[in-house]
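**Student:** Okay, predicted coordinates and the sequence, questions at the end:
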Amino acid sequence: MKKMIGSRLSPPRLSLRTVLLTLLLAFAPLASQAQEAPSLPAADQQAIQQYTLTEDVFNRLIAATKEARAAGIKPAQPSDPSKIHNLDDLANQAVGTDARITPIITKNGFTAREFMLANIALMNAAIAVQAQSNPEMAAQIDKSKINQANVAFFQSHQEQIMALMQGPQAQ
């Protein structure tokens, strides 16, 4: 059985997913758990698959990322996956890693759940783009779970994403 898009993969070169985990606020590593958690309810899995990135969401993600950097928020260690039973558990654990996170995401118009969905959508799109040039990775992705609109969105914003990953010196 093919793994869900975003399951932990080990491509032979630096994974864009790894870079995005650093980019997307301090708790983005927790988003990776949602991608590999087959125990998430079907409704949560569907919400992840159907979440579509927009310019507004992307701009708010960028703003939140910049604010988190400015506040010195560091990436959190992924928590115990056995404590995650749904997407809300994942989101709540993420915002609980640092008291400064909730005000940042709220200021940027996100609930914890939507912020997690947006991060997962961006990471899934990055993985799908990377898989286009990595046959081993492509073989492990369930193509039926790929949101093609998010892949196209990611591709059209790749330069901006790369500049943000390079940190404040690139902006």
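**Tutor:** All right, it came through fine. Numbers count the residues shown, from 1 in each chain.

**Student:** didn't Ala94 look like it was pressed against Ile105?
**Tutor:** No: counting by C-beta atoms under 8 Å, Ala94 stays clear of Ile105, with 9.3 Å between them. Where you see a C-beta, it was placed from the backbone N, CA and C, and this is true even at glycine.

**Student:** More neighbours: which of these two?
**Tutor:** Using other C-beta atoms under 10 Å as the criterion, Ala94 and Ile105 rank with Ala94 on top: 29 against 25.

**Student:** Please identify the helix or strand for Pro103.
**Tutor:** For Pro103, the host element (DSSP states H and E) is helix 101-107.

**Student:** what's stretch 44-58 in contact with?
**Tutor:** For stretch 44-58, contacts defined as C-beta atoms under 8 Å, 6 or more residues apart in numbering pick out 4, 34-35, 40, 86-87, 117-118, 120-122, 124-125, 145, 147, 149-150, 153-154, 157.

**Student:** For PyMOL, write the selection for the buried entries among those.
**Tutor:** Buried residues within the contacts of stretch 44-58, by 16 or more other C-beta atoms under 10 Å, are selected in PyMOL with:
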select buried, resi 4+34+35+40+86+87+117+118+120+121+122+124+125+145+147+150+153+154+157
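
**Student:** Now, the contacts of stretch 44-58 that are in helices?
**Tutor:** 34-35, 87, 117-118, 120-122, 124-125, 149-150, 153-154 (DSSP state H).

**Student:** Quick one: these as JSON lines, columns for pLDDT and distance to Asp98 too.
**Tutor:** Shown next, in JSON lines, are the ones in helices among the contacts of stretch 44-58 (pLDDT from 0 to 100; distance: C-beta to C-beta, whole Å):
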{"residue": "Ala34", "pLDDT": "47", "distance to Asp98": "19"}
{"residue": "Gln35", "pLDDT": "48", "distance to Asp98": "22"}
{"residue": "Leu87", "pLDDT": "90", "distance to Asp98": "20"}
{"residue": "Leu117", "pLDDT": "93", "distance to Asp98": "20"}
{"residue": "Ala118", "pLDDT": "92", "distance to Asp98": "18"}
{"residue": "Ile120", "pLDDT": "89", "distance to Asp98": "19"}
{"residue": "Ala121", "pLDDT": "90", "distance to Asp98": "22"}
{"residue": "Leu122", "pLDDT": "89", "distance to Asp98": "20"}
{"residue": "Asn124", "pLDDT": "87", "distance to Asp98": "24"}
{"residue": "Ala125", "pLDDT": "90", "distance to Asp98": "26"}
{"residue": "Ala149", "pLDDT": "97", "distance to Asp98": "31"}
{"residue": "Asn150", "pLDDT": "95", "distance to Asp98": "27"}
{"residue": "Phe153", "pLDDT": "96", "distance to Asp98": "28"}
{"residue": "Phe154", "pLDDT": "94", "distance to Asp98": "27"}
